[in-house]
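Curious how this folds, go ahead:
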Amino acid sequence: MEIKILGPGCPKCKTLDKITREVVEKNGLSATVTKVEDIMEIMKYGVMSTPALVVDEKVLIKGRVPSSEEIKQLLTK
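This next block holds a predicted model:
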């Protein structure tokens, strides 16, 4: 599984990155988590409000920081 956190580095983006990495680690998920800060890369996903969570090239969440439980549900379904 490939997970991308889209965001220019704002506090919400950093929070989403931190929570996502914790969920992956706690649940022993086989995933690569990368942070995308380049605004042109972010725009390729059609995301206008950050942070955004992209899993396997599909935008699942944008414009808000979800709970760790919500991230867990998205990653384990």
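
For the host helix or strand of Gln73, report the contacting residues that lie outside it.
Using DSSP states H and E, Gln73 falls within helix 68-76. Contact with helix 68-76 is made by 1, 3, 19-20, 22-24, 27, 29, 31, 53, 55, 60-61, 66, as judged by C-beta atoms under 8 Å, 6 or more residues apart in numbering. C-beta coordinates here come from the backbone N, C-alpha and C atoms, glycine included.

Okay, and Met40 sits in which element?
Met40 belongs to helix 39-44 when elements are defined using DSSP H and E.

buried set for the helix holding Gln73?
The neighbour-count check on helix 68-76 (16 or more other C-beta atoms under 10 Å) flags Glu70, Ile71, Lys72, Leu74, Leu75 as buried.

and the contacts of helix 68-76, which of them are in helices?
Ile19, Thr20, Glu22, Val23, Val24 (DSSP state H).

And those, which of them are buried?
Neighbour-count burial (16+ other C-beta under 10 Å) applied to the ones in helices among the contacts of helix 68-76 gives Ile19, Thr20, Val23, Val24.

Alright, I will stop here.
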